[in-house]
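Student: Pasted the sequence and its predicted model underneath.
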Amino acid sequence: MEIRQTTDQDLDVFVTTMFAAFGRFPKTPTDDGGVWWSALEMDRNLLAVSADGRPVGTTGAYSFELTLPGGIIAPTTGVTTVGVLPSHRRQGVLTAMMRHQLAELRARGEFFSVLLASEALIYRRFGYGPATYTQRLTVPRHRAALAVPRARAAADAPATGSVELLRRADCGEILEEVYDRYRRAQPGALARPHRWWASGAGHPPISSEPRYVAVHRDADGVPDGYASYSLDEHDTLTVDETIATDDTASTALARFVLGHDLVAQIVFRHVPPDHPLRWQLLDFNAGQLSNSTDWLWVRLLDIPRALTARGWFTDGELVLDVDDPFLGEHGRYLLTVRDGKADCVPTDREPDLSLDVSDLGSIYLGGTTPSTLVRAGHIQAHRPDAAALADALFRAERTPHCLHWF
């Protein structure tokens with residue numbers, strides 16, 4: 001079997017092989033919307049070819065930026081289009097492709113990669129761990145009233161902005177600009193390169209599928225948030241995503257969609273675990289959470305570089321004993337944090353925590369607490385206060401959240 005890099009001439013065979021691996025057929029492009037694979041970077045994709053020259057597996061890579069705790073913007077690879085034909089599964093094709101890809105990423109100087117996992121059992125064995133989470137929030141229209149917080153109940157409270165209703169086709173530049181401002185301040189958020197917006201490569205509102213967009217503008221008229229939504233034949237208003245650069249814009253957009261007429265219920269497809277909307281509802285139990293799931297998975301490739309890249313909010317020292325069975329590596333590192341910066345060097349000191357590289361990926365962005373993984377039996381703590389110190393060290397300034405699908 002050969003694993004080779006693809007070129008632009010391989011696009012059709014790459015796409016058809018990947019779809020065949022999932023038992024599906026490619027969508028035919030239409031005039032009013034692109035297809036998600038129009039954003040593929042063919043010079044970064046891999047094709048597994050059998051001895052008789054048949055393509056049997058695919059894996060791809062997008063060039064992204066990820067916002068780390070502390071507002072640090074770091075380059076990363078988004079692993080995608082991973083599939084093996086049913087006729088060639090359990091023959092080592094996937095393992096060979098993933099090993100080849102990780103070696104290429106290291107050769108490029110990258111210190112971590114990310115993906116969205118279709119099956120959790122597959123990617124943990126390759127060193128990836130779930131790092132951000134998302135859920136759905138459903139609110140019946142007749143129970144959608146928002147309470148007035150005490151802090152904003154004063155009759156003389158100043159105006160804080162306005163909401164304008166636009167069509168998706170008329171506000172692409174606004175969406176791109178507002179999202180970019182949002183993602184730079186949100187840990188766990190991925191960049192959306194311009195080519196995604198230009199080609200409509202992705203889920204709404206990136207794609208040009210018909211959508212209404214509520215755009216919030218601040219008191220100076222500057223767009224600082226949007227909510228993309230559609231209404232189906234069952235009178236369900238579904239919000240693809242709400243993007244806001246502050247809580248004022250977020251609340252105004254929630255009030256707008258919750259107050260829509262001729263609607264039975266409002267569904268927010270992606271909200272972070274600590275989203276405040278349920279607390280803003282007059283009836284707390286009106287907001288029903290469902291579809292709680294993992295989203296972004298993280299895989300560290302250079303542990304010292306990854307740990308020194310992000311921001312930190314508590315001083316302290318930890319010795320981490322990290323096992324990487326997929327790459328056959330093992331290392332012990334002294335992590336020292338002072339004044340928001342970290343130093344990470346190899347050490348022979350006794351460990352405070354022993355963990356798998358996938359678990360280090362899970363706690364890296366602050367969305368999973370080390371103590372949770374200690375209680376789950378994933379991480380071994382070697383002294384009583386090690387888990388609590390790790391919780392304090394690895395926390396982020398806010399809950400990491402990723403909306404981007406790739």
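Tutor: Arrived safely, thanks for sending.
Student: Please make it C-alpha for all contacts and neighbour counts, starting now.
Tutor: OK.
Student: and stretch 11-21, which residues are buried?
Tutor: 11, 14-15, 17-21 (16 or more other Cα atoms under 10 Å).
Student: Show only the entries of those residues found in helices.
Tutor: Mapping the buried residues of stretch 11-21 onto helices (DSSP state H) picks out 11, 14-15, 17-21.
Student: ok, so of these, who is nearest R338?
Tutor: For those, the closest approach to R338 (Cα to Cα) belongs to M18, at 46.5 Å.
Student: ranges for the helices of this structure?
Tutor: Using DSSP H, helices in the chain cover 11-21, 93-107, 120-124, 172-185, 194-199, 247-258, 277-280, 303-309, 357-363, 370-375, 386-394.
Student: right, so those: which one is the most enclosed?
Tutor: Ranked by mean neighbour count under mean count of other Cα atoms under 10 Å, the helices of the chain are led by helix 357-363, which reaches a mean of 26.
Student: So which elements touch that helix?
Tutor: Other helices and strands packing on helix 357-363, by 3 or more Cα pairs under 8 Å, 6 or more residues apart in numbering; DSSP states H and E, are strand 129-130, strand 296-300, strand 316-324.
Student: hang on, the earlier thing: now the ones in helices among the buried residues of stretch 11-21 as a markdown table including distance to A219 and pLDDT?
Tutor: As requested, these are exported to a markdown table (distance: Cα to Cα, whole Å; pLDDT from 0 to 100):
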| residue | distance to A219 | pLDDT |
| --- | --- | --- |
| L11 | 47 | 96 |
| F14 | 49 | 97 |
| V15 | 47 | 96 |
| T17 | 51 | 97 |
| M18 | 48 | 97 |
| F19 | 48 | 97 |
| A20 | 51 | 97 |
| A21 | 51 | 97 |
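Student: Restricting the selection to alpha carbons, write the helix or strand of the chain with the lowest mean pLDDT to PDB.
Tutor: Taking mean pLDDT, DSSP states H and E as the measure, the chain has helix 120-124 as its least confident helix or strand, at a mean of 93. Only the C-alpha atoms of helix 120-124 are listed here, as PDB (Å, rounded to 0.1, in the frame of the first residue of the first chain):
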ATOM      1  CA  ALA A 120     -14.900   8.600  19.900                       C
ATOM      2  CA  LEU A 121     -13.400   5.100  20.000                       C
ATOM      3  CA  ILE A 122     -11.400   5.700  16.900                       C
ATOM      4  CA  TYR A 123      -9.500   8.900  17.600                       C
ATOM      5  CA  ARG A 124      -8.500   8.500  21.300                       C
END
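Student: All set, thanks.
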